[in-house]
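Novice: quick one: sequence plus predicted model below, questions after.
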Amino acid sequence: MKAHLTTHAILDTIPLRVGVVLSDRKVFLENLVYDETGTDQQNRRELIDKRYHVIANLVTLYPVRKDLGRWRLVIKDSQDTQKLPPVFTVLPAESDIRTEANLTKALSDARQSGDSRITPEFIRDVLHPLYKNGQLRNQQDLSDLLNKGEVEGLVSALEEANEDRKVLLARISELEAKEAVQDQEMSKVNYENQVIDVTDGAILEDAKVVTIDRQRGPTQYTQIELSNGLKLLKKWDIPKTLAKAIALKGKYVRTTVWNKVGSKPTDRDYWKPTAWFEDIYEIKDIAAEESR
């Protein structure tokens, strides 16, 4: 079964419980078994939302296929056949479900409240080992650990070893922004074994139809020009694509391309994000983008 990870799953629960930071939302759930007991233990809001629990192997395909282990996953069927079902959270297969869920909710709340320490890398490198050896078991343990001076020391060492603090903060913000675009792309069409590449933001300065001489003869494309100097092309759906691009002139946008899992820039059928685009998305919160 194919599914996609929510922001909470990819930024909080997987780094904490699995100890990895993923760059792609699309996953496969293998050897899936419905868990009635876990489903019935959900709160009223989760039941109304028609979420349910399964036990399954969580498999990621990018950059290479990797089985992340067997977990309890909270999912929901998609009402849209073109949209993959979401994985809301990842829990141990055998555990106190509510305690585990409250732990990662507290972690998510801390991240969203602006605690600059809570990045996927920090969760993976600092909190995951503590979780694995039993020092981080519940919400209170998390609060105690985040207030300990020794954890602050670990954070400083981690930042010095990896990258500047501002770069760490930009990394999480950038990932969240790109994941939002990936969500929209994934809801639009479901490609088999494909990975979405989301570009950095830029102002869309111009859009027009151009004709380029190819081996098989002159070919028309929609061309967009961006403030970062890129001129990107799209061959299909010219009237619709051009109309959308013209409507977004002067706006801050991101573009996307799709490529096969495992493909390389040197491959003949690789769509380079610096030369091509599949779709364009307006980024409305420019101030937030520019501060990243």
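Specialist: Good, I have the coordinates.
Novice: so what are the domain limits for the protein?
Specialist: Split into domains by automatic domain parsing, the chain comes to 2-165, 191-290.
Novice: now Phe28: closest residue in space that isn't a chain neighbour?
Specialist: Val59 (4.3 Å; Cβ to Cβ, 6 or more residues apart in numbering). Yep, even glycine has a C-beta here, placed from its N, CA and C like the rest.
Novice: and the strand or helix carrying that neighbour, what other elements does it pack with?
Specialist: Element membership of Val59, judged by DSSP states H and E, is strand 52-60. Packed against strand 52-60 by the contact rule (3 or more Cβ pairs under 8 Å, 6 or more residues apart in numbering; DSSP states H and E) you find strand 26-35, helix 36-40, strand 66-75.
Novice: parallel or antiparallel, list what pairs with that strand.
Specialist: Each strand paired with strand 52-60, and its direction, by DSSP bridges: strand 26-35 (antiparallel), strand 66-75 (antiparallel).
Novice: residues in contact with the last one?
Specialist: Contacts with strand 66-75, where a contact means Cβ atoms under 8 Å, 6 or more residues apart in numbering, come from 3, 14, 17-18, 20, 29-31, 35, 38, 42, 46, 51-60, 85-93, 95, 97.
Novice: quick one on the thing from earlier: mind putting the domains of the chain in JSON lines, mean neighbour count included?
Specialist: Shown next, in JSON lines, are those (neighbours: other Cβ atoms under 10 Å):
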{"stretch": "domain 2-165", "mean neighbour count": "17"}
{"stretch": "domain 191-290", "mean neighbour count": "15"}
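Novice: make a markdown table out of the ones you listed and add mean pLDDT.
Specialist: Formatted as a markdown table, the domains of the chain follow (pLDDT from 0 to 100):
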| stretch | mean pLDDT |
| --- | --- |
| domain 2-165 | 87 |
| domain 191-290 | 85 |
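Novice: by contact count, what packs against the longest strand anywhere in the chain?
Specialist: Secondary structure of the chain per DSSP state E: the longest strand is strand 202-214. Judged by 3+ Cβ pairs under 8 Å, 6+ apart, the packing partners of strand 202-214 are strand 217-226, helix 238-247, strand 252-260.
Novice: quick one: which of the ones you listed is nearest Arg137?
Specialist: strand 252-260 (39.5 Å; Cβ to Cβ).
Novice: taking strand 202-214 as reference, get the angle to that closest one.
Specialist: 50 degrees (axes from the mean of the first three to the mean of the last three Cα atoms, to 10 degrees).
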